[in-house]
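# Could you work out the structure for the sequence below:
(2 chains)
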Protein chains: 2
Amino acid sequence: MRVGLLQINPVVGDIAGNAARVRAAYARAVALGADLCLTPELVLTGYPARDLLLYEGFAAAARAEAGALAERVFTEYPEGPALVLGCPELNTSGQGKRLFNSALWCENGLVRVSVRKSLLPTYDVFDEARYFEPGPPGASEIVEYRGRKLALTICEDLWNDKDYWPHRLYPVDPVEAAAAAGAEALLNLSASPFSLRKQMLRQDMLSAICKKRGLPLAYCNQVGGNDELVFDGRSAVFGADGTLLARAEGFAEEVLVAELFGRAPQELPADDLSAPAETWRALVLGTRDYLAKCGFKKALLGLSGGIDSAVVAAVAAAAMGPENVCCVLMPSPWSSRGSVDDSLALARNLGVKTRTIPIEPLMRGFEAALADSFAELAPGKGPDITEENIQSRIRGNLLMALSNKTGAMLLTTGNKSELAVGYCTIYGDMSGGFAVISDLPKTQVYALARHINVLHVSPAGGPNGPIPQAIIDKAPSAELRPDQKDEDSLPPYDVLDAILALHVEKEKTAAEIAAAGYDAATVARVCRLVKGAEFKRRQAAPGIKIAWRSFGSGWRMPLAAAPLP
Amino acid sequence: MRVGLLQINPVVGDIAGNAARVRAAYARAVALGADLCLTPELVLTGYPARDLLLYEGFAAAARAEAGALAERVFTEYPEGPALVLGCPELNTSGQGKRLFNSALWCENGLVRVSVRKSLLPTYDVFDEARYFEPGPPGASEIVEYRGRKLALTICEDLWNDKDYWPHRLYPVDPVEAAAAAGAEALLNLSASPFSLRKQMLRQDMLSAICKKRGLPLAYCNQVGGNDELVFDGRSAVFGADGTLLARAEGFAEEVLVAELFGRAPQELPADDLSAPAETWRALVLGTRDYLAKCGFKKALLGLSGGIDSAVVAAVAAAAMGPENVCCVLMPSPWSSRGSVDDSLALARNLGVKTRTIPIEPLMRGFEAALADSFAELAPGKGPDITEENIQSRIRGNLLMALSNKTGAMLLTTGNKSELAVGYCTIYGDMSGGFAVISDLPKTQVYALARHINVLHVSPAGGPNGPIPQAIIDKAPSAELRPDQKDEDSLPPYDVLDAILALHVEKEKTAAEIAAAGYDAATVARVCRLVKGAEFKRRQAAPGIKIAWRSFGSGWRMPLAAAPLP
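As a prediction, the model looks like this:
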C-alpha cells in the first residue's frame, strides 16, 4: 500500500485556499501512484487556528468544505485513493468543549469515518483543551481499507508511550489501544512545530514506538510558518522494525509517496540537524511566511552596525529577496564611524537598499521640548536611561514612518538575551511587526552569523561571506551614550545565556541555579532583571520559536507579581 | 457553626506576604468568634499565578509555607478554628500535570486533609489544564469537623450543575458526588474574577444549587486586581433553602463571620450592580492594585480634551490620589482651543497637576528628517496616515520620557471600540504600562463619564462633577488633521459597538451579524478592521477586564491568517 503524505503549507483561516492546496497535492499523489493520502492535522483551518475555533461558523464552514472536497476529489478521480483529512467537527452532544479535532476518512465521495484526537496537548504553546473535547482512545480508530486494518491517530496521540517517557502526561495510550484492537499500521496526521533538537527526539520516539508495537507508521506533518511557530514538515514512513523508510524535505512543501508495508528505505534528502543550520532554515521560512501571509512584499529594518541587525538583514534578504529589503542607518553623535561603515559594507554584500537619517537634530528637539518639565518634575536629576530611550524611540518613530509610507513591514532586531533582561527600549528598538531573532540568545546569534558567512548567502558576498568580520569581532554596544558597552550593564554573554537557559527554559529558580555552581549574586541579578522586563515582553512583537521554551504564546507570566523565591 | 470568610487581596507570587495576610485575617476571624475559616483559592500564590506555577521550586515553597502557617496559627491559637487554605501541591504520581490545585484542611497545627479541584476551567482567561491534574470528584472531599460532614470544593467545582446549565462543560459534578456522600454543607474556595453581570449570575447559580441539594454553602472569593483581572470578593453564605444569609463587601477586603447552618439573613452591604457603578469600582481597584503591586506610586497620562482621557484621569485620581497624578497636554496645530481649555478645567476639577508641551517643533523636525526618504521611496505620495502616526508617536515618546524621568507609570487612554478596529497608533497613543479603559466600548465610556459626574468624585468637582460638559458633548475626534472626526472613518459608535459586541464578545461571524439585521457592508467593514488590528492588540498594554470577553489573555487570535468567513 503506497501512502501519499501531502506535506503542505496551509494559511491559517483560509479554508477554501487550504482545500485547493489539498486538492492539488492529492492530484500529485495520484500521479505518483498513491493508494492512500494523508494531510497534516487540521489542514483545512491551518494550525494553530487558535480562537478562530471559538467561532462556530468557522468550524462549521471547515466541516462543510471537507464534505465538498471529498466529493470533488471523487468526481475528479473516481478510482482515486482514500483521503484522510484533518478538520474540526462540532461536538453536538450537549456536553464538553464545542469541537473535536478530527481526522475525516474520505472515500467514494463521502466522509466514511471520523476519528477524534484523544490526547490534547495543553502546555507550552498548545491550548487544545481550550477548544476540543477528547475522543475515546478505543478501538473506534481502526479503519479497514483494501484488506488492511489501519489505526488513525492525530499528532499527540502518539506521544504517550509509557516505556518511552519517564513522566507521562495522560493516563491512556491510543497506540496501545490500536495495537490491542489488531491494527496492522499506524497513520498519523500531525502539526508538530519545530524547535532545536526536536527532530532527533521525534524520529527516535516514532521509531521506538514502531519497533515496540511491530507496526509501520505513516506520519504527515504540516510545513510552514504560522506566526511564531515554524512547522518543519519532515513527514515520514517508518517500518514495523522502526527503520526510517522515507522522509520528506524539511522546511518545504512536498508530496511524498512511499510503501507503507515496505522494508527497503528510500533515499533520504539531506538534513543538516546542527543548530545554526536548523535555525537558519527556520528563520528564513518563518520570516517569509509571516510577511507573505500578512500580505507584505517588502521588509524594513534599522542597521546599527551590530551583529543582531546584520543577521536579521541577512535573513530578510534570503526570505524576501534583497531587492525587497530596505535598511536604515540612523546615526547619533554616539555612533562610531565603524558602525556606519560596517553597516554600509553589509548592505552592499547583501544587495539591499539603505537610507541614512541622522537623528541628532531630533534629539536636540526632544531635549528642548522636555527641559522645563524635567527641571520642574525631577529637579537636579541629570541625564540617565531616559535620554537613551528617547534616542531609541526617535529611531522607532522614523522606522515606523517609513513602514507606514512605503508599506514595508518593520522587522525588529533584538535577541533573546536582551529581551530576557530588558536590555531594549519598549516603543524604541522593540518597535516592529516581527521579531526575527527574539528567540536566539546572543551566543547563538554569533554562531548563526558564522554559519551565514559559510553559506555565502549572497552571491555578492565575496569569499568571506556577507557579514563583515568587524561586525562579528566588535564588543556589543547599544551606542546610546559615549563608549557604552553591553558588558557595562550585563554579565558576559556566555555567563548570561547559561543562566537564562536554566531560568527561562528549564524553569529553575535563582536558588537552584546558584546551587548548580553559578555566582549567586549574578544569578539573583539576572533573575531580577528577567522579572523586571516582563512588561516589555508583554508588548513585544511576535518572533520565531527556536528554543524548547520561548517568550511568546508559550510564556504566560504575571506582571504585577512578587519575584520568584 | 460560625464560618469565617477571609476575603483578602493577595499579591501574586508573594508567598510569605500572602501567608502573613492570611494569618492577620485569621486572627480577626478568631476575634469575631469563627469556628472554621476559609481562604480564597490558591491564596498563598495569589490567583492567577500563571507560569510561575511551572517552577516546581515555587509550588514547593508555597506548600512548605502552608505547613508553617498551619503550625503558626495553632501555636498562636491552640483552640482556634480549622483553617482551609488554598495552595498548590506537587503531583508526585509520575503521571499527568505536575500540580494539584488543592484546599488544605489545617487543624491542630497540621495539614489534616488535602482536597484537589476536580473541574479545571480552560476557557477565556483560564488555563488550569496547563498546570493542574484534576482530583477525583468522589467522596474524598468530605471532611468531618465538629460533628458535621463538610464537602470541600474549589471554585469551578460548583459550576457544572446539569439542571442549571443547558450546556455542561464537564461530565462529572462534584456537588452531586458530595450530596450522595452525605455532605451536610458545601465549602468553596474561589478566585472568581469580575465581569459585568457576573455577580447576578453567580448569586443566582449558587442559590439554585443550595436549594436543589438542600445544603448550605460558605463561599470565600478572592478580592483585588491582578493584572487584567479584578476579583470582586462578595464572599457569601447561602442557606439550605438558597437564601443569601450573608455577603461580604464587593471590591474590598473583609473578614466576614456568619452562621453556616443559620436561617436569618444578616444585614447585607449595599451593592449597586448597575454597569457604570460596577465598572467604576472595578477600574479604580484594578488601577490602584496594578500600580501598587508593580511598585508605582504615581501615574501619568496624556489629556487630549476628549472623553477617554478625561475618564482615565478621573479613575487615576481616585485610585492614586490626585496629588500623585500628572496630566500632560501636548497640543499640535490641529488641536482645538477647546481641547486645551477643557483639559485644564478637568485637571483643576480633579486636583491633578498638568504640564503642557506643544509638539509642533518636533513635527517639523520629523518632516525635515524624512523628506528625502519619502520623496525617494514613495515618490508622489502626499500626506496620509503616516503623518498622523508621527504626531501620536512624538506624544508617546514625550510621555515615556516623563515616565522614565519621574518614575510615574504611563496610563494609556484608548477604549475598546478603538482597540477593536485599530483606530489608535501603535507606539503612539497605545504607549503605556496599563490600559485603564481598554475593555470599555465608547458608548460605555460615555455612561461612565456621566456616572463619575454624579458621584462627584472630586470634592473640587463642583455641582456638575469633575468632567466638563463640553468634553461629554463634543463629537469624538483624534485631532490628528484639520477638522477630523471619528465618524469620518468609523460607523457611529452606537452601531459600531453593537456590531463589535456580537463579533468580539459573542463570536458571531460577519454573515451571522448581517443576518441579524445589520447593514452587511458596514458589518463586513467592521469585521475586516477588527482582523486588521490584531497586530496592534498583540502589542497592547494590559487592561482591566470588564466584559464577558475581553482583548487580553482570553483573546488568542492568529495574526498571519485569512479573515473569518
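
# nearest residue to residue A:172 other than its sequence neighbours?
Distance criterion Cβ to Cβ, 6 or more residues apart in numbering or on different chains; nearest residue to residue A:172, sequence neighbours excluded, is residue A:137 at 4.3 Å. Every C-beta, even on glycine, is put in place using the N, C-alpha and C of the backbone.

# Going along the chain, name the strands of the stretch 301-450 of chain A.
A:325-329, A:353-356, A:409-412, A:434-435 (DSSP state E, counting those that start in this stretch).

# between those, which gets nearest to chain B?
Chain B sits nearest to strand A:353-356 of all the strands of the stretch 301-450 of chain A, at 5.0 Å, using Cβ to the nearest Cβ.

# Check what pLDDT the nearest residue to residue A:309 once chain neighbours are set aside gets.
Spatial nearest neighbour of residue A:309, excluding adjacent residues (Cβ to Cβ, 6+ apart): residue A:413 at 4.2 Å. pLDDT for residue A:413: 98.

# now the helices for the stretch 351-500 of chain A?
Secondary structure of the stretch 351-500 of chain A (DSSP state H, counting those that start in this stretch): helices at A:360-377, A:385-406, A:416-421, A:442-455, A:469-473, A:486-489, A:493-500.

# Most tightly packed of those helices?
Mean neighbours per residue, mean count of other Cβ atoms under 10 Å in any protein chain shown, is largest over the helices of the stretch 351-500 of chain A for helix A:416-421, with a mean of 26.

# quick one: is that helix near chain B?
No - on the criterion Cβ under 8 Å from any Cβ of the partner chain, helix A:416-421 is out of touch with chain B, staying 13.4 Å away.

# still on that earlier bit, ok, the residue nearest to residue A:172 touching residue A:177?
Yes - the pair residue A:137 / residue A:177 is scored as a contact, 5.0 Å apart, by Cβ atoms under 8 Å.

# follow-up on the earlier one: dump the residue contacts of the residue nearest to residue A:309.
Residue A:413 makes contacts with A:301, A:302, A:304, A:308, A:309, A:312, A:429, A:436, A:437, as judged by Cβ atoms under 8 Å, 6 or more residues apart in numbering or on different chains.

# Let me have these in TSV, extended by neighbour count and pLDDT.
Below are the contacts of residue A:413 laid out as TSV (neighbours: other Cβ atoms under 10 Å in any protein chain shown; pLDDT from 0 to 100):
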residue	neighbour count	pLDDT
A:301	26	98
A:302	26	98
A:304	24	94
A:308	25	98
A:309	26	98
A:312	29	98
A:429	26	98
A:436	31	98
A:437	30	98
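
# out of these, which one sits closest to chain B?
Closest approach to chain B among the contacts of residue A:413 (Cβ to the nearest Cβ): residue A:429, at 11.3 Å.

# ok, and the closest non-adjacent residue to that closest one?
According to Cβ to Cβ, 6+ apart, the nearest residue to residue A:429 is residue A:392 (5.1 Å).

# Any regions of the stretch 101-250 of chain A where pLDDT drops low?
Counting by pLDDT under 70, the stretch 101-250 of chain A shows low-confidence ranges at A:138-140.

# For residue A:163, grab the count of nearby residues.
9 (other Cβ atoms under 10 Å in any protein chain shown).

# which phi and psi does the residue nearest to it when sequence neighbours are not counted have?
What sits nearest to residue A:163 in space, not counting adjacent residues and going by Cβ to Cβ, 6+ apart, is residue A:212, at 6.6 Å. Phi and psi for residue A:212, reported as degrees, to the nearest 10, are phi -60, psi -40.

# Could you report the neighbour count for residue A:212?
15.

# again, but for residue A:321
Residue A:321 - counted by other Cβ under 10 Å - has 15 other residues nearby.

# how near is it to chain B?
Here the distance between residue A:321 and chain B works out to 17 Å (Cβ to the nearest Cβ, to the nearest Å).

# Show the pLDDT at that residue.
97.

# Contacts only, for it.
Residues near residue A:321 by Cβ under 8 Å, 6+ apart: none.

# Show the backbone phi and psi for it.
phi 90, psi 130.

# residue of the stretch 151-300 of chain A with the smallest distance to chain B?
residue A:293 (3.6 Å).

# Export the helices of the stretch 351-500 of chain A as a markdown table, with columns for mean pLDDT.
A markdown table is the format used below for those (pLDDT from 0 to 100):
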| stretch | mean pLDDT |
| --- | --- |
| helix A:360-377 | 97 |
| helix A:385-406 | 97 |
| helix A:416-421 | 98 |
| helix A:442-455 | 95 |
| helix A:469-473 | 94 |
| helix A:486-489 | 86 |
| helix A:493-500 | 97 |
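
# Quick one: closest of the ones you listed to residue B:508.
Counting by Cβ to Cβ, residue B:508 lies closest to helix A:385-406 out of the helices of the stretch 351-500 of chain A; the figure is 31.7 Å.

# helices or strands next to the closest one in the packing?
Applying 3 or more Cβ pairs under 8 Å, 6 or more residues apart in numbering or on different chains; DSSP states H and E, one finds that helix A:385-406 makes contact with strand A:299-302, strand A:325-329, helix A:360-377, strand A:409-412, helix B:360-377, helix B:385-406.

# so can I have a markdown table of those showing distance to residue A:563?
As requested, those are exported to a markdown table (distance: least, Cβ to Cβ, whole Å):
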| stretch | distance to residue A:563 |
| --- | --- |
| strand A:299-302 | 33 |
| strand A:325-329 | 38 |
| helix A:360-377 | 29 |
| strand A:409-412 | 27 |
| helix B:360-377 | 38 |
| helix B:385-406 | 22 |
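
# Out of the ones you listed, the one nearest residue A:56 is which?
strand A:409-412 (32.5 Å).

# Which neighbours in the sheet does the closest one have, and how are they oriented?
strand A:299-302 (parallel), strand A:434-435 (parallel) (DSSP bridges).

# which residues are contacting that strand?
A:287, A:291, A:294, A:296, A:298-301, A:312, A:316, A:399-400, A:402-403, A:429-436, A:438, A:541, A:543.

# ranges for the helices of the stretch 151-300 of chain A?
Taking DSSP H, counting those that start in this stretch as the test, the helices found in the stretch 151-300 of chain A are A:174-180, A:198-213, A:275-293.

# Now for the residue most central in space within chain A: which residues touch it?
Geometric centre of chain A, nearest residue: residue A:229, 2.5 Å, by Cα atoms, centre = their mean. For residue A:229, the contacting residues are A:48, A:125, A:193, A:194, A:545, by Cβ under 8 Å, 6+ apart.

# Could you identify the most distant pair in the residues you listed?
A:48 and A:194 (13.8 Å).

# which bits of the stretch 1-150 of chain A sit near chain B?
A:11-15, A:17, A:46, A:48-52, A:54-58, A:61, A:94-97, A:122-123, A:127, A:129-130.

# try it again with 7 Å
Contact residues (Cβ under 7 Å from any Cβ of the partner chain) of the stretch 1-150 of chain A with chain B: A:11-15, A:17, A:48-52, A:54-55, A:57-58, A:61, A:94-96, A:122-123, A:127, A:129-130.

# I figured residue A:543 was touching residue A:433, is that so?
No - under the criterion of Cβ atoms under 7 Å, residue A:543 is not in contact with residue A:433, lying 10.7 Å apart.

# Among those two, which residue is more densely surrounded?
More crowded of residue A:543 and residue A:433, by other Cβ under 10 Å: residue A:543, with 29 against 24.

# Quick check: the more buried one vs chain B, distance?
11 Å.

# pLDDT at that residue, what is it?
Reported pLDDT for residue A:543: 98.

# Return the residues in contact with it.
Contact analysis of residue A:543 by Cβ atoms under 7 Å, 6 or more residues apart in numbering or on different chains lists A:228, A:434, A:435, A:436, A:438, A:439, A:552.
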